[in-house]
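*Asks:* Predicted structure and sequence below. I'll ask about it afterward.
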Amino acid sequence: MTTTYSEFSRNADRVMDQIATACDQVGRPASEVKLLAVTKTHGPWAAEFAARYGLDRVGENRVQEAVDKIPQVDPKLNWELIGHLQSNKARLAATHFERVQSVDSAKLLRRLDQAAGEMGRSLAVLLQVNAGSDPAKYGVELAEAPALLEAALQLPNLQVEGLMTIAPLSDDPAIARQTFANLRQLRDEMADSFGVALPELSMGMSGDLEAAIAEGSTQVRVGTALFGQRPPWQPQT
Ligand SMILES: *Cc1c(COP(=O)(O)O)cnc(C)c1O
């Protein structure tokens, strides 16, 4: 685990270089890919390090874990929910997160919209797609994504900014690459047929961010490469 700021800062420099190199290799400007520091399982120090480095956002898997940390760190940080969300926690999530990336059902959409409406705010969301057809992953299936987007676009208090996916765990890098290509292709098709932009493609983590960037990622979600190994009881995604 990363314990000092200088160690974190070296890790972050390395990840920023990795992003820049991956962009360079496919002729994309590095400014197109944002880094989301994933602070799950770590104490508030992890979010504080990210803020001090100049990152503007962090990602958390569990609503309650984030709610506990938020008051303890720099108020300028934006919090994004990237873990599975149960609809009974939708209100709490809409209260504390700038964006929810893990929306994968019409029921959850309705709950988030209602909560955001009651708070008089607009809530940014991404639709989580199981673009690698992995039975172990949450997310709507590729074929069901258009129906979910259609439902999302009806809701007045939600802003659908794009799509999110997690590649299946595999030793074969071609599987992650294909997963990311699937997500981008789905985005292109839906943007076209629904006439909406869907600019954000949240894809790529510590182990597969190059492949994600090559396939058009606009945000990589990185935990381990910044903060070191998580404890073994880390939540599954
Ligand atoms: C934990 C997590 C990450 C970060 O994974 P690392 O391999 O530690 O970089 C990214 N996205 C989601 C959804 C996660 O749950």
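*Replies:* Done, it's in.
*Asks:* going forward, measure contacts between C-alpha atoms and count neighbours the same way
*Replies:* Will do.
*Asks:* ok, residue 80 - contacts?
*Replies:* For residue 80, the contact set (Cα atoms under 8 Å, 6 or more residues apart in numbering) comprises 57, 58, 59, 60, 97, 98, 99, 100, 101.
*Asks:* Please read the previous query as pertaining to residue 15.
*Replies:* Taking Cα under 8 Å, 6+ apart, we find residue 15 in contact with 225, 226.
*Asks:* And it, its phi and psi?
*Replies:* phi -70, psi -40 (degrees, to the nearest 10).
*Asks:* Quick check: the gap between it and residue 79.
*Replies:* 20 Å (Cα to Cα, to the nearest Å).
*Asks:* now residue 227
*Replies:* Residue 227 is 17 Å from residue 79, where distance means Cα to Cα.
*Asks:* and what of residue 36?
*Replies:* Taking Cα to Cα, one finds residue 36 at 9 Å from residue 79.
*Asks:* what does this protein put close to the ligand?
*Replies:* Contact residues (Cα under 6 Å from any ligand atom) of the chain with the ligand: 38, 61, 82, 83, 205, 206, 207, 221, 222, 223, 224, 237.
*Asks:* now those: which count as buried?
*Replies:* 38, 61, 82, 83, 205, 221, 222, 223, 224 (16 or more other Cα atoms under 10 Å).
*Asks:* Make CSV out of those and add secondary structure, pLDDT and distance to residue 48.
*Replies:* Shown next, in CSV, are those (DSSP: H, G, I helix; E, B strand; the rest coil; pLDDT from 0 to 100; distance: Cα to Cα, whole Å):
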residue, secondary structure, pLDDT, distance to residue 48
38, strand, 98, 12
61, coil, 97, 17
82, coil, 98, 19
83, coil, 98, 20
205, coil, 98, 20
221, strand, 98, 17
222, strand, 98, 15
223, coil, 98, 14
224, helix, 97, 16
